[in-house]
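**Q** here is a sequence together with a model predicted from it:
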Amino acid sequence: NAGVTQTPKFRVLKTGQSMTLLCAQDMNHEYMYWYRQDPGMGLRLIHYSVGEGTTAKGEVPDGYNVSRLKKQNFLLGLESAAPSQTSVYFCASSYYITSGEIAKNIQYFGAGTRLSVL
Amino acid sequence: LAKTTQPISMDSYEGQEVNITCSHNNIATNDYITWYQQFPSQGPRFIIQGYKTKVTNEVASLFIPADRKSSTLSLPRVSLSDTAVYYCLVGSYSGNTPLVFGKGTRLSVIA
């Protein structure tokens, strides 16, 4: 049981190049998320998905696109990388259960992808 | 979404109990409180979650007063390996409203 796996772990891009980050989870979770974390900062939500075939924008979606064609995979794309997108990217997945009227949702994170855009 | 406020940083000596308080004055009835821990160069990891009163697991305790406008994460007898950033999140997890991570509290444990 690998949990949440991110590919690649490191990448260096030149300004204007494109790339796709892959997130795979083997826990059959419905929800998946992409965050970015800049030095000394908390995590900021880029995009998320509440199920296969669905995506939604988070706090900082500009410059990124996502796709969730399969339940276990969530792809993050940078069409034209910019230096401002230099960051560590984390993927997470979560299940959603209810206990009475109170819902619970715990996120499981990948190890991160460190991206530098020159 | 309920906004949270927590100290930016804290220092503690090994073996001491550490309490990190999070304020969430506008918490809603269906909101509950979750804490995550993040070590350098790693993704956050779930620590504990609660709705009211006290919750305890093998890692920490979470104290929530009756008015639920704040919560306190308690780490017993910290060690150097507890040095990390701790995030407090509040939300209803309605399914379409993901939670927001703030900047967290950076805990430094000193020998």
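**A** Yes, it's here.
**Q** just the closest residue of chain B to chain A, please.
**A** In chain B, the residue that lies nearest chain A is B:Gly43 (2.9 Å; C-beta to the nearest C-beta). Glycine gets a C-beta too; all of them are placed from N, C-alpha and C.
**Q** contacts only, for the closest residue in space to that residue that isn't next to it in sequence.
**A** In space, B:Gly43 comes closest to A:Phe109 once its chain neighbours are excluded; the distance is 2.9 Å by C-beta to C-beta, 6 or more residues apart in numbering or on different chains. By C-beta atoms under 8 Å, 6 or more residues apart in numbering or on different chains, A:Phe109 lies in contact with A:4, A:90-92, B:42-45.
**Q** thinking again about what came up before, now do the residue of chain B closest to chain A, the pLDDT please.
**A** Note on B:Gly43: pLDDT of 94.
**Q** residues contacting it?
**A** Under the criterion of C-beta under 8 Å, 6+ apart, the neighbours of B:Gly43 are A:4, A:90, A:92, A:109-112.
**Q** quick one: name the residues of chain A near chain B.
**A** Residues of chain A that fall close to chain B, judged by C-beta under 8 Å from any C-beta of the partner chain: A:4, A:31, A:33, A:35, A:40-45, A:48, A:50, A:56, A:58-59, A:90, A:92, A:96, A:101-112.
**Q** separate out the buried members of these.
**A** A:4, A:31, A:33, A:35, A:42-45, A:48, A:50, A:58, A:90, A:92, A:103, A:105-112 (16 or more other C-beta atoms under 10 Å in any protein chain shown).
**Q** so where's chain B shaky on pLDDT?
**A** Across chain B, the ranges flagged by pLDDT under 70 are B:1-2, B:92-97.
**Q** follow-up on the earlier one: quick one: which two of the contacts of A:Phe109 are the most distant?
**A** Using C-beta to C-beta, the pair of those lying farthest apart is A:Cys91 and B:Arg45, separated by 14.1 Å.
**Q** out of those two, which sits in the more crowded spot?
**A** More crowded of A:Cys91 and B:Arg45, by other C-beta atoms under 10 Å in any protein chain shown: A:Cys91, with 30 against 14.
**Q** which non-adjacent residue is nearest that one?
**A** A:Cys23 (3.4 Å).
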